[in-house]
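[1] Coordinates for the following, if possible.
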Amino acid sequence: MSEAQDDIQLRNNRLVLLTIIGIPVTMILTGTWLWYFVINGKLDLVDALGTANMGTLVQPPRQLDDYPLLAQNGEAGPYADLPLKWTLLVVNNDPVCDATCENSLYMTRQIHIAMGKELNRIDRMYISEVPVVETQLGVAQLSDERPAPASFAEYLEAEQKGLTPLVLGDRAFDQLFPELAADQTTWYLVDPAGWVMMSYTGDISYKDVISDLKFLLKNSNG
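    Take a look at the predicted model:
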């Protein structure tokens, strides 16, 4: 293939990607179609998005609704039933939300607030194998140096308004979030169709995450 043909193909790939993410995200099957081509090597997502992303692309991406998500009352709580937004996802595979867990929750909340006028296009979520009422808050002081509430449930109510807590069943945590085994500070970005598409670690600057979010929001209607 000639260099000119390569350039045309590259432009076509980018056009396909921007067209897809510009379609209203209620069309979940469109998102699935996109990731089918990514997973099978027919579309280079890294090339289409550019290499300036500050997080690490999850390859292949993972669909949250392929796993058993439950609301806190034990009823099925699929991602597809939630408002279709970009989601900052903190995960925890321990019955204690320790300093790392609390700091991730704090950081994602601050990033969310810092998005300003785009705030309503973003949600926050917490997924654990342990229900909130059975989870302990393992810190005496919060990341902003204020005293911690008596319980994790009180912490979420007071400090994390708007966050959706879900329970992951069937011992599927390691399958859905394998990056956590290598780095417990890992948290994720989920697209409006429910695909876990990017991971971040605790050493990243919040400004870099905001840069990724602004790019994605600029090029999507979700």
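[2] can you give me the helices in this structure?
    3-22, 28-39, 45-49, 99-114, 152-159, 173-176, 179-182, 206-218 (DSSP state H).
[3] State the mean pLDDT of the longest one.
    What it means is helix 3-22. Mean per-residue pLDDT for helix 3-22: 54.
[4] Hmm, Leu137 is touching Pro147, no?
    No: if you go by Cβ atoms under 8 Å, Leu137 and Pro147 don't touch, sitting 11.3 Å apart. (C-beta placed from N, C-alpha, C; glycine too.)
[5] Let me see the contact set for Ile113.
    Leu119 (Cβ atoms under 8 Å, 6 or more residues apart in numbering).
[6] Swap in 6 Å and give it another go.
    Contact analysis of Ile113 by Cβ atoms under 6 Å, 6 or more residues apart in numbering lists nothing.
[7] Same check on Ala114?
    So Ala114 contacts Ile210 (Cβ under 6 Å, 6+ apart).
[8] go again using 7 Å as the cut-off
    Contacts for Ala114 (Cβ atoms under 7 Å, 6 or more residues apart in numbering) come out as 206, 210.
[9] Show the pLDDT at it.
    96.
[10] just Gly31 next, same as before
    For Gly31, the predicted pLDDT is 47.
[11] cool, and the one 3 residues further on?
    The pLDDT attached to Leu34 in the predicted structure is 48.
[12] Endpoints of stretch 122-136, how far apart?
    One end of stretch 122-136 to the other measures 27 Å (Cα to Cα, to the nearest Å).
[13] buried sites along it?
    For stretch 122-136, the neighbour count (16 or more other Cβ atoms under 10 Å) marks 122-132, 135 as buried.
[14] picking up where we left off before, which residue of Leu137 and Pro147 possesses the greater neighbour count?
    Leu137 (20 against 9; other Cβ atoms under 10 Å).
[15] Check the gap between the closest residue to that one other than its chain neighbours and Gly162 for me.
    Leaving aside its chain neighbours, Leu137 sits nearest to Phe152 (4.2 Å; criterion: Cβ to Cβ, 6 or more residues apart in numbering). Using Cβ to Cβ, to the nearest Å, one gets 17 Å for the distance from Phe152 to Gly162.
[16] who has more neighbours, the two?
    For Phe152 versus Gly162, neighbours defined as other Cβ under 10 Å are more numerous around Phe152 (28 against 10).
[17] Pull the contacting residues for the more buried one.
    Taking Cβ under 7 Å, 6+ apart, one finds 97, 132, 135-137 in contact with Phe152.
[18] Bridged to the spatially most central residue of the chain, which residues?
    Geometric centre of the chain, nearest residue: Leu189, 2.3 Å, by Cα atoms, centre = their mean. Counting by DSSP bridges, Leu189 is bridged to Leu88, Met198.
[19] Tell me the predicted confidence for it.
    Looking at Leu189, the pLDDT reads 97.
[20] quick one: low-confidence ranges for the protein?
    1-53, 221-222 (pLDDT under 70).
[21] Out of the buried residues of stretch 122-136, name the ones that lie in strands.
    122-128 (DSSP state E).
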